[in-house]
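# heads up, no residue letters with this:
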DNA sequence: TAATTTCTCCATCAAATGATGGAAGCATAG
DNA sequence: CTATGCTTCCATCATTTGATGGAGAAATTA
């Protein structure tokens, strides 16, 4: 059963969906305060009145964007959960990292929006923040690091955080990080995957670890 | 020999320095577009004309803030470099992580500004970005991971990135990350230090690693 | 075709924002 | 005390920005 938001965006050619797409892109690039309704309208190629006709307040549009990627990422986490189900811890981690990397690199806006809405304050409203904190526990569970959220130690949580935060930064920061490594995008993604695996797998399998890569 | 900026800020009670302090705090919280000159003036308790009298354009004030923490962090990196000089790789990493954690947690604005200026675009100007990329190599060298910037492999660079990005995120995100761990600030910093050491030390000493903590 | 609904744009508003000129305050030098 | 220069604030501008009303186009229905 699709949510009202999903229904509204079901046809990507619809004006409402086109506005949404531009909004997502620009909010992810400039943040809430840095994005004006006129910038969005211009990007779509319409008048701002049309934007307001379909979405109302700027804040509503922004919240819709947040809600949407919230659904998306939850869906992805569930998918990963079902893929890794029943495999060994080592395999679970490898697959989960591969899957999440591929997904996030194909949806960079998602990570940027999570980062911005978590780290930055908005002049306009105080309640625009999204709980990145929720993802920490969810990801830990999805990756099979714990059976439920309560059974994770602080140390383990901190390591999940370290990985999630690096992954998010690696994806959001690709434009200026990749040149530092001097590699193409495909290689960049591979290096990120290897780095995360190298860091995380021994962190959770605890014992000695076989050298990756 | 102090820079012109340092001289202007030498007396923290001077109006110019007070404005600077408020600006740094607010820019680090709301970003460039999210911070208005009126917000800064109100925070200082003065009229905006006084702000413009001392600093001129908003952009100039922002660039001064960026330049200042650039100096600060370079100084800190040099300090760390001299402290770890001559010690073993293991010790170097431990000390460097401890030092940088303590420093950054006492200067959260610095990390937030670096993150914002690196990741976000500004509506106003395109050239406000700060090269976080520079720090990656500098930190690697300061920590004694390489003798010069060119001798670092992509893999090693990626691991330094992972650590720097996590560290920056851990410091900037303390307000919403610490509650997830359910600990006090002092413990939070300790956990971050341990996590980074646990992750980075084996990553660079390569062979089997002794279990930290 | 005619009527009705849906959509898009132009014109416009009020508030916010970056920025400035000039008057008034205040200290210091003469 | 007076004159000078530095500092602060009030009043004000031009532009930008969020937001709306209404006219007309476009699609839908009858």
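Here it is on my side, so go on. Here the structure is a predicted model, which is why all the values come from computation and not from measurement. Numbers count the residues shown, from 1 in each chain, chains lettered A, B, ... in the order given.
# packing partners for the helix-or-strand element of chain A with minimal mean pLDDT?
In chain A, no helix or strand scores lower on mean pLDDT, DSSP states H and E than helix A:4-8, which sits at a mean of 72. Packing contacts for helix A:4-8, counted by 3 or more CB pairs under 8 Å, 6 or more residues apart in numbering or on different chains; DSSP states H and E, involve helix A:15-34, helix A:58-84. For the C-beta atoms, the positions are set from N, CA and C on the backbone; glycine is no exception.
# 7 Å instead, please
If contacts are counted by 3 or more CB pairs under 7 Å, 6 or more residues apart in numbering or on different chains; DSSP states H and E, helix A:4-8 sits against helix A:58-84.
# who touches the residue nearest the centre of chain A in this structure?
Taking CA atoms, centre = their mean, the centroid of chain A lies closest to residue A:111, which sits 3.4 Å from it. Contact analysis of residue A:111 by CB atoms under 7 Å, 6 or more residues apart in numbering or on different chains lists A:104, A:168, A:171-172.
# And the residues you listed, which is closest to chain B?
Chain B lies nearest to residue A:172 out of the contacts of residue A:111, by CB to the nearest CB, at 5.5 Å.
# Run a quick neighbour tally on the closest one.
For residue A:172, the count of nearby residues is 26 (other CB atoms under 10 Å in any protein chain shown).
# which residues touch it?
A:108, A:111-112, A:115, B:119.
# mind listing which of the residues you listed are in helices?
A:108, A:111-112, A:115, B:119 (DSSP state H).
# Export those residues as a markdown table, with columns for pLDDT.
Listed next are the ones in helices among the contacts of residue A:172 as a markdown table, based on pLDDT from 0 to 100:
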| residue | pLDDT |
| --- | --- |
| A:108 | 95 |
| A:111 | 92 |
| A:112 | 94 |
| A:115 | 90 |
| B:119 | 91 |
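# quick one: the closest residue to residue A:168 other than its chain neighbours from residue A:132, how far?
Nearest residue to residue A:168 in three dimensions, chain neighbours excluded: residue A:111, at 4.6 Å (CB to CB, 6 or more residues apart in numbering or on different chains). For residue A:111, the distance to residue A:132 equals 10 Å [CB to CB, to the nearest Å].
# now do residue A:143
Applying CB to CB to residue A:143 and residue A:132 gives a distance of 16 Å.
# Specify which residue of these two has the higher count of neighbours.
More neighbours surround residue A:143 than the other of residue A:143 and residue A:132, with 24 against 21 (other CB under 10 Å).
# Just the pLDDT for the more buried one.
With respect to pLDDT, residue A:143 scores 70.
# need the contact list for it.
Contact analysis of residue A:143 by CB under 7 Å, 6+ apart lists A:92-93, A:96.
# And residue A:20, by the same measure?
Contacts of residue A:20 by CB under 7 Å, 6+ apart are A:9, A:64-65.
# which one of these is nearest DNA strand D?
Using CB to the nearest atom of the strand, residue A:64 comes nearest to DNA strand D of the contacts of residue A:20, at 13.0 Å.
# since we're on the nearest residue to the closest one once chain neighbours are set aside, how many residues are nearby?
Distance criterion CB to CB, 6+ apart; nearest residue to residue A:64, sequence neighbours excluded, is residue A:5 at 6.0 Å. Neighbourhood size, residue A:5 [other CB under 10 Å]: 16.
# Residue A:5 and chain B: what is the separation?
Separation of residue A:5 from chain B (CB to the nearest CB, to the nearest Å): 25 Å.
# Tell me which residues touch that residue, please.
Counting by CB under 7 Å, 6+ apart, residue A:5 touches A:64, A:67-68.
# Just the buried ones from these?
Among the contacts of residue A:5, those that count as buried by neighbour count (16 or more other CB atoms under 10 Å in any protein chain shown) are A:64, A:68.
# any chance of the contacts of residue A:5 in a markdown table, plus pLDDT and distance to DNA strand C?
Shown next, in a markdown table, are those (pLDDT from 0 to 100; distance: CB to the nearest atom of the strand, whole Å):
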| residue | pLDDT | distance to DNA strand C |
| --- | --- | --- |
| A:64 | 94 | 16 |
| A:67 | 91 | 21 |
| A:68 | 91 | 20 |
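# any idea how far residue A:60 lies from residue A:118?
20 Å.
# Compare these two (neighbour count), which wins?
residue A:118 (20 against 11).
# quick one: contacts for the residue nearest to residue A:18 when sequence neighbours are not counted?
In this structure, residue A:18 finds its nearest non-sequential neighbour in residue A:44, 5.3 Å apart by CB to CB, 6+ apart. For residue A:44, the contacting residues are A:18-19, A:22, by CB under 7 Å, 6+ apart.
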